[in-house]
Each structure stands twice: as structure tokens, then as C-alpha cells.
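1. Build me a structure from this.
(3 chains)
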Amino acid sequence: MKMNIKPAFRYQFDVFFKGSAITFLVIMAAIAALMVTSIYISADTTTISFTGYGITAVIFLFIMGIVNIRSDLRLCLQYGVSRRTSFVSEILAVLSVSAILAAAGELLTGIAQAFSAGNSQFLIADLYQLIYVGPDAVSLSFGQHILSMLLNTSLTFCACLFGMFFSLMFWRLNKVWTVVAAISIPVLINVVPILLSRLGINLILLINWIGASPFNFVLFFLLLAALFGAVNWLLLRRANIKEAK
Amino acid sequence: MPIEIKNITKDFGDTRALDHVTLTLGDNQIYGLLGNNGAGKTTLLSILTGRQCPTEGTITMDGEPIENNDAALGKAFLVAEQNMFPDDMNVKRAFKAAALFYPQFDREYADKLAEKFGLKTKKKIKSLSTGYASIFRLILGLSVNTPYLFFDEPVLGLDAQHRDMFYRILLEKYAECPCTVVISTHLIAEAANLIEHAVIIRNGKILKDCPREELTADAYSVSGPAGLVDKFIAGKHVLSFNILGGLKTACVQGPCDTLPEGLELSAINLQDYFISLMEEEDRK
Amino acid sequence: MTFQEERPIFLQIAEQLEEGILSGAYPEESQVPSITEYSVTYKINPATALKGISLLVDAGLLFKKRGLGMFVATGAKEKLKSQRRDLFYHNYIEKLVREARNLDLTAPELTAMIERGFQDADRN
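-> Numbering: from 1, shown residues only, chains lettered A, B, ... in the order given. Alright, predicted model coming up:
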């Protein structure tokens, strides 16, 4: 059945993009401020480093995932678009914005690295560089930038779908189960790794595998995103959609 | 492209909100979905527009199920009490978004109506009063130009002047651009002259589904001395009656033979007929 | 015009139009209100208004000009008058004669009363 994705996508992309643009500008301002500050501090004592672009994008998209999934669904239903189309276009919108944000981050990092080439007091790097290249590298090659962008995209995308999962899960649960879920999260975080190691599944192996190559990283988080996506769809496909409380 | 509703049942836990509802909507008429509060009107409209999923039954438009069907869902617009817009959205942006989703959306007309009703388009939807939130949704419904337009209790919260304006604007629009309108309401008297086809729903079941005139065509009210009335109505289908002193009035459904002396006959309006019907159902 | 609940609305609309034609409020060849105008003014379904107007169209009192609307037919007034005259006999004269008989009034006495009625009306 043909889906009328275009209006839903345009609307949702707009929502995510506007929010992300503001975040981007704030980060850009922060980096600029740090770069300027680094010029005025003494050479041997301190270094200012900024490695937070990726993490900031992840946290921001995670929150946007929580905030927007239900309100976008409501609007799409009011405006005659099915929940399946709303969900699919939401995924596409989030993926697009994650990629754009990641690309913009590479651009920003690249320019900042170029500007601070001679300045040993200022260091800017992002996740990919930290994990796979090393914090000392002053700048990345184009190919490395691409990998970094892919890495950030997959992580941000996954974080957003995780945020949606949170929102949808608490929406579908009744009061009792909401409390159970809220309590069980910290419990699970602590208990699951122990359980897994008891079962002979060594999480360290997984972590090493991810650390071995950026492609593994991207694959892992895309698979995780797909998992969240599937669960999210199951949560909302027969939900009763009413106004926000 | 009629909408075929077949055996729609909706359960909320132990409560059955809709019970094997079967109905056809179409033909560019104004339908009245009439029933008391809790009869299932809102549930039915929610299911028709994809906001809720039925427990059983199917709904098709042009032979295709409406579930996850954008072509079908895009043809029906629901004006209901629920606010489905984001907290930070104002009326202007809602109109702009509507133009995105509905190619036939008439922005000029919407702005004109907003002015007529005194709706400030810069205001956030969430901050509108109950009356103006209703007006906002009514204006949307009147401007999207979809083949199906559903109103769920459209005039609740509207003052008398705005109610009047809404009915007139709706009729003007309907007369100029025919579409299928469904007005779901418990305000029977107000709906009486607007609707062509009546669907009466009670406890999730359809009681009547026929042209509006048929409802009251063979129903009448007879009054007079209690004894005479009782003699006359014996064996007839009596919907309701009331007694004041020695005077009895009965609402009867069926053909009317010649009236004996001393009894008075009058036609029955839709609201009285509806109430009588509900009373009869209560007695069952 | 408020609608009396007893009589179907479309009939009331038809009658109101007939009165207008007879009284000259809607002269021949002039346009009568459109379905939309009736619908909006009286808050009724357009189909109801159409039903009332159709009665007059079927009786040859109104005709439709494509793209313009409904107009009063030539000779509508006369047609109505003769229709009404037939009804007048049935609605008024028959009842009048019956009542006169009840009161033992003869035909000449009744005629004299009628003539007096015209004179009184002319004086006022």
C-alpha cells in the first residue's frame, strides 16, 4: 500500500532539524569561545580540549526522540496520515538529521583543527578519533572524517530510537508497570552484565570487537537501532492515540 | 467511494464500547450520529480515522481496508475534542502544516474564518480557551476540503453566537461543495434540521439507520383523557407516555387510523422521538 | 419565519414561496433565493430546501436558469390564483356553507352577509 510519506517527512524533518540547528550553533559558539580562550592561557600548564560534539549530539537526539515521537504521531493522525507512515517517515527524518548533524560536526571539527594547527593549547577531537586514531592526531584525513561521520550518525540515530523507546514504553505501560520498569532499569544495568558473564558471555569480547574497527561500531549500533525500531513499532501499532495529558 | 463499516466491535477490558456495528457512509449527505454520552459515538469516529484499532471487524473505503492506508485516511478529517497538536504550535503554524498534508487546504478561507470568529492565529493552540480551541478545530475541518468530514460534538463550549455561525458556515460550505458530513452529537434538537440521514446509537449498538424523515414519518403523539388514549393505543407500538392528572400523552410508532373524538394528534419532533425511543429501550 | 414543528419544513418553504409569488414580493421573471441562501438563513439541510423548491418547479411556478438559479415563471401568479381558487372553494366555501346550515342561514342571507363583509373591508 502506497505511503504518503512526503508531508509527514517534511514536517518531522523540520521539527528535528530546527532543534538540531540550534544545538549545533550553541556547540559552534562554545568551540569558538574555547579556541579563543586557549590563546590566552599559558603554554605549559594547561590544554583546553573539546571532545564533546558527538556526545552532545547523541544526548540531544535521545531527548528529541523522547519528546517528539508521540507528538509527531498525534499530528500525523490528525492530518490523515497512518501511524505506519508516521513512524517510517520519523525514522527517515531522524536518520537524515543524524547524518546532517554528523557531517556538520566533521566540518566544524575539521575547520577547528585547521585553525588550531599551530596552537598546542587547544585540542579538538571527536569519538571516532578518540577510539580509533588517538587524541594526539592534530587532524584527520578525508577518509577518516567520513568514518567519523558514519560513526556519529549511527550512534546518534540509535540514541534517538532509544529515546523513542523510552517514551513509547512508558506510554503503553499502566501505572503499576511504569513503576516496575522505572525500578528495574538500574537493577538491570547492574545485574545483566553479571548474569551474562555467569552464562559465559563475555561482554569484554563484544567491546573489543567494537573497538577493533569503526565498521564494527557502525554495524553494532545500526543493529541496535533496528532492534529499537522493531520494538517501537510493536509498541505503537495498535496503541490508542489520544491527546497529550 | 463509500465507507463500509462491518461488524466493528471495540472492547476496553470488560467494557464493550461498540458491539458489531455495521454501517455505510457516503453519497454526499449529512449524517447525524445521534446518541447519549457514552453510547460509543466518539469511539466509532476514532476507529474510523485510525486513532484506535477495533477489537473485531473491518472498515473499507473503496474496497480497501483503511488500516495503515494513507489514501483512505487522508480523505477523512475528524474534528473532535482532543487536541492533537504539539504544545509549542500556534494556530498559524497549524494552518501551514495543514497545507502540507492536504493539497486542497484553503488557507485563505481558514484565515477568513479565523477573523470572522475572532480567533487570534498567533496564539498557541494549547493556550486557547475551550471555546476557541473548538473553533480552531472547526475552522480546520471547514478548510481541508476532504470528501469526508466528521464532527464529534462540534459545538460544545461554543457560545450561542458562535454555534449559530458554525451551523450557517457549515451549511454554506456543504451547499457549495458537497461532501459526506457526519455530525455526532447528543444535541438532538439542534441537529434535527441539518441532517438527512440518522444513525441512532445506544450502548454501542446501532438502533436506527435510516433517512431522517423516516424516523418521524410514522410516529405521532396522541393526547387526551387517559381512558380514551389507552383504548386507542391498545395493540400499538407505544414508545413512551406520560400522565398528568387525567390527561395522558402517548408517543406511538406506526400507521395512524382515524382518531376518535376527544383525542388530539400532533406530529413528533426528532428530539421527542429520540427520547421516547431511549425510554422504550430502557424499559426492555 | 420560524418553523412550526408539526408541518414538514419543505412544505412550509414551498408555501412561503407561493405567498411571495401571489403577493408580488417575487415578481414574475425575478430570481428567488437560492438553495444555499435558504439553507444558511434557516439552518436547514439544502436537500430540504431543494425539496420545497422542487414542488414549485414541478407545479410550473418556478424554472431554473442554468448557472444562475431559480426564477419565477411567467404566468405563475395566475396559475397560483386559479389553484388557490379551487382550494378556496374546498377550504372556505364548503365549511362556510356547512356552518351556515347549522345556523339556519339561507343562501340569500349568506350572500348579503358576504356583501356586507366586502363593504366593511373597503371602508377600513
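2. Leaving out chain neighbours, which residue sits closest to whichever residue of chain C sits closest to chain B?
-> Chain B sits closest to residue C:36 of chain C, with a gap of 3.9 Å, by Cβ to the nearest Cβ. C-beta coordinates here come from the backbone N, C-alpha and C atoms, glycine included. Counting by Cβ to Cβ, 6 or more residues apart in numbering or on different chains, residue B:175 is the residue found nearest to residue C:36 once chain neighbours are left out, at 3.9 Å.
3. Pretty sure that neighbour sits against residue C:35.
-> Yes - using Cβ atoms under 8 Å, residue B:175 makes contact with residue C:35 at a distance of 6.0 Å.
4. which residues do these two both contact?
-> The contact sets of residue B:175 and residue C:35 overlap at residue C:46 (Cβ atoms under 8 Å, 6 or more residues apart in numbering or on different chains).
5. and the host helix or strand of residue B:98, what other elements does it pack with?
-> Element membership of residue B:98 [criterion: DSSP states H and E] is helix B:91-101. With contacts taken as 3 or more Cβ pairs under 8 Å, 6 or more residues apart in numbering or on different chains; DSSP states H and E, helix B:91-101 sits against helix A:5-40, helix B:107-117, helix B:130-144.
6. quick one on the thing from earlier: any idea how many residues pack against the residue of chain C closest to chain B?
-> Using other Cβ atoms under 10 Å in any protein chain shown, residue C:36 has 17 other residues around it.
7. Distance of it relative to residue B:11?
-> Taking Cβ to Cβ, to the nearest Å as the measure, residue C:36 falls 44 Å from residue B:11.
8. Buried ones in the helix holding residue B:98, by neighbour count?
-> Going by neighbour count (16 or more other Cβ atoms under 10 Å in any protein chain shown), the buried part of helix B:91-101 is B:91, B:93-95, B:97-101.
9. thinking again about what came up before, is the residue nearest to residue C:36 in a helix, a strand, or coil?
-> What DSSP: H, G, I helix; E, B strand; the rest coil gives for residue B:175 is helix.
10. picking that back up, check the gap between the residue of chain C closest to chain B and chain A for me.
-> Distance, residue C:36 to chain A, using Cβ to the nearest Cβ, to the nearest Å: 27 Å.
11. residues touching that residue, list them.
-> Counting by Cβ under 8 Å, 6+ apart, residue C:36 makes contact with B:171-172, B:175-176, C:46.
12. pLDDT added to those, as TSV?
-> Output for these, formatted as TSV (pLDDT from 0 to 100):
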residue	pLDDT
B:171	96
B:172	95
B:175	92
B:176	89
C:46	95
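13. Would you list the buried entries among those residues?
-> Buried residues within those, counting neighbours by 16+ other Cβ under 10 Å: B:171-172, B:175, C:46.
14. And the average pLDDT for the host helix or strand of residue A:220 is what?
-> Using DSSP H and E, residue A:220 sits in helix A:214-236. The average pLDDT for helix A:214-236 rounds to 93.
15. for stretch C:61-77, same thing?
-> Rounded mean pLDDT across stretch C:61-77 is 91.
16. how about low-confidence regions in chain C?
-> Counting by pLDDT under 70, the ranges of chain C that qualify are C:1-6.
17. what residue of it is the furthest out?
-> What lies farthest from the middle of chain C is residue C:104; by Cα atoms, centre = their mean that is 32.5 Å.
18. Mind telling me which residue is nearest the centre of chain A?
-> Centre-most residue of chain A, counting by Cα atoms, centre = their mean: residue A:156, 1.8 Å.
19. how near is residue A:208 to residue A:4?
-> According to Cβ to Cβ, residue A:208 and residue A:4 sit 45 Å apart.
20. ok, the two, which is more surrounded?
-> Comparing residue A:208 with residue A:4 by neighbour count (other Cβ under 10 Å), the higher total belongs to residue A:4, at 19 against 11.
21. Spatially, which residue comes closest to the more buried one, not counting chain neighbours?
-> What sits nearest to residue A:4 in space, not counting adjacent residues and going by Cβ to Cβ, 6+ apart, is residue B:70, at 3.9 Å.
22. Give me the number of neighbouring residues for that neighbour.
-> A total of 23 residues lie near residue B:70 under the criterion other Cβ under 10 Å.
23. contacting residues around it?
-> Neighbouring residues of residue B:70 by Cβ under 8 Å, 6+ apart: A:1-4, A:80-82, A:85.
24. now residue B:125
-> Residue B:125 touches B:83, B:85, B:89-91, B:94, B:133, B:136, counting by Cβ under 8 Å, 6+ apart.
25. so which of these comes closest to chain C?
-> The closest of these, once distances to chain C are taken by Cβ to the nearest Cβ, is residue B:136, at 22.2 Å.
26. my guess is that closest one contacts residue B:94, does it?
-> Yes - contact criterion Cβ under 8 Å: residue B:136 and residue B:94 qualify, at 7.4 Å.
27. all strands for the chain, in order.
-> If you meant another chain, say so; for now it's chain A. A:48-50, A:122-124 (DSSP state E).
28. wait, chain B
-> B:3-12, B:15-25, B:30-34, B:56-61, B:64-65, B:76-79, B:148-152, B:180-185, B:197-202, B:205-211, B:219-225, B:237-244, B:247-253, B:264-267.
29. just to revisit the earlier point, distance check, the residue nearest to residue A:4 against residue B:5.
-> Applying Cβ to Cβ, the value for residue B:70 to residue B:5 is 19 Å.
30. Tell me, how many residues neighbour residue 77?
-> Went with chain A since none was named. Residue A:77 has 20 neighbouring residues, counting by other Cβ under 10 Å.
31. try again with chain C
-> Residues lying near residue C:77 (other Cβ under 10 Å) number 18.
32. so where is chain A shaky, pLDDT-wise?
-> Applying pLDDT under 70 to chain A flags residues A:1, A:42-44, A:135-138, A:200-201.
33. and if you look at chain B?
-> For chain B (pLDDT under 70), the answer is none.
34. Please list the residues of it that sit near chain C.
-> Within chain B, the residues that sit near chain C (Cβ under 8 Å from any Cβ of the partner chain) are B:29-30, B:164, B:167-168, B:171-172, B:174-176, B:193-196, B:213, B:266-267, B:269.
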